[in-house]
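> Next comes the sequence, and after it the predicted model I'd like to discuss.
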Number of protein chains: 2
Amino acid sequence: MATNPLTQLPGYLLRRASAWTMAALAKRLEEFELTPTEASVLVVIASNPGIIQSEIGRMLGIVSANMTPLVGRLEQRELVKRLPVDKRSFGLRTTRRGAAIADRAFTAMQEQEDALIESVPAKNRATFLQTLQDITSVLDE
Amino acid sequence: MATNPLTQLPGYLLRRASAWTMAALAKRLEEFELTPTEASVLVVIASNPGIIQSEIGRMLGIVSANMTPLVGRLEQRELVKRLPVDKRSFGLRTTRRGAAIADRAFTAMQEQEDALIESVPAKNRATFLQTLQDITSVLDE
DNA sequence: TATTGTTATACTCTATAACTATA
DNA sequence: TATAGTTATAGAGTATAACAATA
C-alpha cells in the first residue's frame, strides 16, 4: 500500500486544505461572477469606504501590478467607483449594487467556512482559528 | 484605520498561510531546481518505489493531465525512471541522483515546516496538526 | 526620495475536453 | 466499461521589471 510521507507536514496539509477550500468557494461565487480574489477585494472595499488600491494590496497580499486589472474589472461592472483623493490615487467605494453583492459574497464565504470547520471537533475550533491568526499575523515582517 | 473583515474566516487565513508557506518553500527548493509540486512528486516516488502516475495523482490531488509533463521533466533530468508494469502504465522509481535530491528536498520541507510552526505556541502545535489532518482526510469524498 | 498606479510579461498550478490504448 | 496516460488549451493567481506622475 502506497503511503504519503507528506501528511505529517503542516505546510503540505495547509496547502491541500487551502486548495480544497478555494475550489469550493470559487463554485459558490460563480453565482456572482466573482473569483475568490475579486470577492475578497470587493468585501474589503465595502467595509472600508474610501480605501485606496495600494492599501487593499497590502492588506490582502496582492501586489499593485495585479490590483490594477482586478479593480478595473470591478469598476467596469459598476460594482465599485473610484473617487480621486489626490492627483495620484483614488478612494474606492462600492456602488449600491456592489454593496449588495459584497454582502451576499461575504455570506457565501461564511457558509464555506462552516463547511470547512465541520470536520473539526467543536472543542478545537477556537484554537484552530487562533493558531491560523497567530501564523498569518507574523507573515508581513 | 482600515480593517480586514476576512481575518475572522479560517478559509481565508488558510489561504494566506498556505500562500506564504509555498512561496517560502519555493525559495528553499530553488537550490534543487524543483518547484514545490515537483518536489512533492519526487518525494512520493522516493518513498513508494514502483508507484504509478495515476496513484501519485490521487494521493496528491493532481489530475492526470498535469502529471504527464511533470513526471516528464523529472525523467528528462534523470531524477526518475519509468519501468513498464503492463502495457498501459509505468512504475516510477528514483535514480540514485533522484533519491539523493528527494532526501535533501524533504529535509528542506521539514525545515520550512519548522519555520511555519514557530509562531504557534508549543502547546497548540499537536492540535493544529491533528486539526489539519482531520480536515484534509475528508476532502476526497 | 518614496509612493501610487500602470503596462507588459512570464511562470506555476489547476482544470476540462477529447483522445488512444489497455485492463 | 473502467482505467492509464496523453495532448491541447485555458484560466486564475502571483511575481518582476520598467515606467510616469505625484507626495
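Done, it's in. In this text the structure is predicted, and so the values were computed from the model without any measurement. Numbering: from 1, shown residues only, chains lettered A, B, ... in the order given.

> which residues of chain A fall in helices?
A:10-29, A:36-47, A:53-60, A:64-76, A:96-117, A:122-137 (DSSP state H).

> Now do the fourth one: which elements does it pack against?
When you say that, I think you mean helix A:64-76. Helices and strands touching helix A:64-76, by 3 or more C-beta pairs under 8 Å, 6 or more residues apart in numbering or on different chains; DSSP states H and E, are helix A:36-47, helix A:53-60, strand A:80-84. Glycine gets a C-beta too; all of them are placed from N, C-alpha and C.

> For chain A, give me the ranges with low pLDDT.
A:140-141 (pLDDT under 70).

> Pick out the residue closest to the middle of chain A.
residue A:40 (3.4 Å; C-alpha atoms, centre = their mean).

> you'd agree that one is up against residue A:60?
Yes: at 5.8 Å, residue A:40 counts as touching residue A:60 under the criterion of C-beta atoms under 8 Å.

> which residues do those two both contact?
residue B:6 (C-beta atoms under 8 Å, 6 or more residues apart in numbering or on different chains).

> List, one by one, the residues from chain A near DNA strand C.
Within chain A, the positions lying close to DNA strand C (C-beta under 7 Å from any atom of the strand) are A:15, A:19, A:23, A:52-55, A:64-65, A:67-69, A:71-72, A:88-90.

> And the buried ones among those residues, selectable in PyMOL?
Of those, the buried ones go into a single PyMOL selection, burial set by 16 or more other C-beta atoms under 10 Å in any protein chain shown:
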select buried, chain A and resi 15+19+52+53+55+67+71+90
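
> quick one: buried residues of stretch A:18-27?
A:18, A:19, A:20, A:21, A:22, A:24, A:25.

> and among the helices of chain A, the most buried is which?
Mean neighbours per residue, mean count of other C-beta atoms under 10 Å in any protein chain shown, is largest over the helices of chain A for helix A:36-47, with a mean of 22.

> helices and strands around it, which ones?
Helix A:36-47 is packed against helix A:10-29, helix A:53-60, helix A:64-76, strand A:90-94, helix A:96-117, with contacts defined by 3+ C-beta pairs under 8 Å, 6+ apart.

> what residues does it touch?
A:22, A:25-26, A:29, A:32, A:34, A:51, A:56, A:59-60, A:62, A:67, A:70-71, A:73-74, A:79-80, A:92-94, A:98-99, A:101-103, A:105-106, A:108-109, B:2-6, B:12, B:15.

> In CSV: the helices of chain A, plus distance to residue B:119.
Below are the helices of chain A laid out as CSV (distance: least, C-beta to C-beta, whole Å):
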stretch, distance to residue B:119
helix A:10-29, 12
helix A:36-47, 23
helix A:53-60, 19
helix A:64-76, 26
helix A:96-117, 21
helix A:122-137, 5
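
> separation between the closest residue to residue A:18 other than its chain neighbours and residue A:115?
With C-beta to C-beta, 6 or more residues apart in numbering or on different chains as the measure, residue B:18 is the residue that lies nearest to residue A:18, at 3.7 Å, once sequence neighbours are left out. Using C-beta to C-beta, to the nearest Å, one gets 17 Å for the distance from residue B:18 to residue A:115.
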